[in-house]
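Asks: Take this sequence and fold it.
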Amino acid sequence: MTSIYKPIRDFIQLVDERNKDLAVKRNLGLSISKEFIPTVGNTVGANMANYKIVRKNQFACSLMQVRRDKKMPVALLRQFDQVIISQAYPVFKVIDEEVLLPEYLMMWFSREEFDRHACFLAVGGVRGSLEWEDFLEMELPVPSIEKQRAIVKEYQTVTDRIKLNEQLKQKLEETAQAIYRHWFVDFEFPNEEGLPYKSSGGDMVYNEELDQEIPEGWGAKKLEEISSLKYGKMLSSSKFLSEGYPVYSGYGIRGYYSEFMYENPEILVLCRGVSGTGEVRMSPAKAFITNLSIVVEITDLEMNKQFLFYFLKNQNLRSLDSGSAQSQITIGDLNNVLILNPNYVTQSIFGEYNNAIKTHSINNNDEIKALISFKEVLLSRLAIKESLQTSQAI
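Replies: Take a look at the predicted model:
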């Protein structure tokens, strides 16, 4: 019986090209999402001549902390012709691209099964490093170069579609922000004739509380006057489930739980954490909110949720940070934040515009999720297809 699974060592070789003349300036690092990213390390005083050069279609990887992170950071350079990376990272390339496509190899590295195998092989206690020799002995199926090209093309089509949808998602958010600023910062919301209010001669009056001119009939209120502020609840990760209602911290979905706290999406202010304190998020529907966020539950029936979300999002709430050892904002800090209070009609029209944008964004998110699931299916089929072909050949 002939196996088409071969060890990685048969197809790659180490590259150790140093930046001796300091010609390459772009310094990147690696992420556990298997991408090159701007380096987060302190490079002040570092000898950049010792850094390794990574050229287009070459790989860099990290063999450290694989067991701890449950992933092996490895990335294929595609975006740039050349970059430099810390000398701590092995750099390697495919020996013969007519035998193995770098893109196909990167697909193999992206599989969950690959990370599980790497984690199993990792040694070294808590940090759990993977030895280079063990990495080289890991196997992969290598079909014909024609079949590899077809597999890569299908995968790239899905990946490109995901990127396009993510760009659209960003554009939708930028559109919502632009409308908010045009209406409630520049005060150019449409008047009764559909013309921009301020530039068409709309009456402006000085508001002492906000220390600025605002449209006549508008006012200001403290956040505590229009909402009820509540901390999220602590939930141990040991109680997380594989499915259920999303556990949302404000920093993202952390897991799932059997109960939810709020039926509808709610405005959240991140109140503690390593970074992001003061940032404003909208929770998913039917979510369990953790104690890293304060929930802003609107009690004033004439305050539109979409308007309040973007108003808070455009405030420097980070300035409320108490400055203690741990970054933190309290309910007491937020209660006295002054909120612009436009008339009900203008808020409602803005909310309708924003809900239309939000509907497009939700549909876009659903498509992204479906495409990501399909991408995972394509990755999982790499092993299945080749196993079937091997058995049929026998």
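
Asks: Give the burial count for the residue nearest to residue 200 when sequence neighbours are not counted, as a bare number.
Replies: Distances taken as C-beta to C-beta, 6 or more residues apart in numbering place residue 191 nearest to residue 200, at 6.0 Å, with adjacent residues excluded. Every C-beta, even on glycine, is put in place using the N, C-alpha and C of the backbone. Residues near residue 191, counting by other C-beta atoms under 10 Å, number 15.

Asks: Please name every helix or strand in contact with the lowest-mean-pLDDT helix or strand in the chain.
Replies: Least confident helix or strand of the chain, by mean pLDDT, DSSP states H and E, is helix 344-393 with a mean of 79. Applying 3 or more C-beta pairs under 8 Å, 6 or more residues apart in numbering; DSSP states H and E, we find helix 344-393 packed against helix 102-109, helix 112-121, strand 139-141, helix 145-184, helix 305-313.

Asks: Point out the one among those that comes closest to residue 92.
Replies: helix 102-109 (9.9 Å; C-beta to C-beta).

Asks: hmm, back to that, how about a markdown table for the helices and strands packed on helix 344-393, with distance to residue 370 added?
Replies: Output for the helices and strands packed on helix 344-393, formatted as a markdown table (distance: least, C-beta to C-beta, whole Å):
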| stretch | distance to residue 370 |
| --- | --- |
| helix 102-109 | 19 |
| helix 112-121 | 18 |
| strand 139-141 | 27 |
| helix 145-184 | 10 |
| helix 305-313 | 26 |
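
Asks: Make TSV from these and add mean pLDDT, mean neighbour count and distance to residue 258 to it.
Replies: Formatted as TSV, those follow (pLDDT from 0 to 100; neighbours: other C-beta atoms under 10 Å; distance: least, C-beta to C-beta, whole Å):
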stretch	mean pLDDT	mean neighbour count	distance to residue 258
helix 102-109	96	21	36
helix 112-121	92	16	25
strand 139-141	94	18	40
helix 145-184	94	15	30
helix 305-313	96	21	27
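
Asks: Can you tell me, leaving aside adjacent residues, what's nearest to residue 154?
Replies: residue 378 (6.4 Å).

Asks: Does that neighbour touch residue 157 like I think?
Replies: No: contact between residue 378 and residue 157 fails when scored by C-beta atoms under 8 Å: they sit 9.8 Å apart.

Asks: tell me the contacts of the residue nearest to residue 200?
Replies: Residues near residue 191 by C-beta atoms under 8 Å, 6 or more residues apart in numbering: 197, 200, 202.

Asks: try 10 Å this time
Replies: Applying C-beta atoms under 10 Å, 6 or more residues apart in numbering, we find residue 191 in contact with 197-198, 200-202, 215, 346.

Asks: likewise residue 259?
Replies: By C-beta under 10 Å, 6+ apart, the contact list for residue 259 reads 233, 235, 244-245, 247, 286, 288.

Asks: how about those residues in CSV, adding neighbour count and secondary structure?
Replies: Shown next, in CSV, are the contacts of residue 259 (neighbours: other C-beta atoms under 10 Å; DSSP: H, G, I helix; E, B strand; the rest coil):
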residue, neighbour count, secondary structure
233, 13, strand
235, 18, coil
244, 15, coil
245, 17, strand
247, 26, strand
286, 15, coil
288, 26, strand
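
Asks: Now, of the contacts of residue 191, which are buried?
Replies: By neighbour count, with 16 or more other C-beta atoms under 10 Å, these hold 197, 202, 215, 346 as buried.

Asks: distance of the residue nearest to residue 154 from residue 167?
Replies: Using C-beta to C-beta, to the nearest Å, residue 378 is found at 21 Å from residue 167.
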